[in-house]
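Undergrad: Sequence and predicted structure, then a few things I'm wondering about:
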Amino acid sequence: MKKTIGIIITLIGLVGTILFGYQAIQDSETFSFLGIDIGVSTANWTPVIISVILLIIGIIVMGRK
């Protein structure tokens, strides 16, 4: 039972990390200053952090016997 819950939490964390991470990367803007391109992120990183935490918790739950 714990292993099944761990797998579900891990999959949710993995999908969330991929989707929210991609969205955060797309929300970055670049501008040129003195001939150098500078990237500025305007993304909300909170969903990415929560997804990574869920991924880690799922892996820990899966590993416990």
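TA: All right, it came through fine. Treat the numbers as computed from the prediction; the structure is a model and nothing was measured.

Undergrad: Report the spatially nearest residue to Ile5, omitting neighbours in sequence.
TA: Val61 (6.1 Å; Cβ to Cβ, 6 or more residues apart in numbering). C-beta coordinates here come from the backbone N, C-alpha and C atoms, glycine included.

Undergrad: does the spatially most central residue of the chain sit in a helix or strand, and which one?
TA: By Cα atoms, centre = their mean, the chain has its centre lying nearest to Thr17, at 2.8 Å. Using DSSP states H and E, Thr17 sits in helix 2-26.

Undergrad: Remind me what that helix packs against, helices and strands.
TA: helix 46-63 (3 or more Cβ pairs under 8 Å, 6 or more residues apart in numbering; DSSP states H and E).

Undergrad: The helix it packs on: how far from the chain's middle?
TA: Relative to its chain's centre, helix 46-63 lies at 9 Å (Cα atoms, centre = their mean, to the nearest Å).

Undergrad: Tabulate the CA atom coordinates of it in PDB.
TA: C-alpha atoms of helix 46-63 as PDB (Å, rounded to 0.1, in the frame of the first residue of the first chain):
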ATOM      1  CA  THR A  46       6.700  28.100  -6.000                       C
ATOM      2  CA  PRO A  47       4.900  25.400  -7.900                       C
ATOM      3  CA  VAL A  48       8.200  24.000  -9.200                       C
ATOM      4  CA  ILE A  49       9.600  23.900  -5.600                       C
ATOM      5  CA  ILE A  50       6.400  22.200  -4.300                       C
ATOM      6  CA  SER A  51       6.500  19.600  -7.200                       C
ATOM      7  CA  VAL A  52      10.200  18.800  -6.400                       C
ATOM      8  CA  ILE A  53       9.300  18.300  -2.700                       C
ATOM      9  CA  LEU A  54       6.500  16.000  -3.700                       C
ATOM     10  CA  LEU A  55       8.900  14.100  -5.900                       C
ATOM     11  CA  ILE A  56      11.400  13.600  -3.100                       C
ATOM     12  CA  ILE A  57       8.700  12.600  -0.600                       C
ATOM     13  CA  GLY A  58       7.300  10.000  -3.100                       C
ATOM     14  CA  ILE A  59      10.800   8.500  -3.600                       C
ATOM     15  CA  ILE A  60      11.300   8.300   0.200                       C
ATOM     16  CA  VAL A  61       7.900   6.700   0.700                       C
ATOM     17  CA  MET A  62       8.600   4.200  -2.100                       C
ATOM     18  CA  GLY A  63      11.900   3.200  -0.600                       C
END
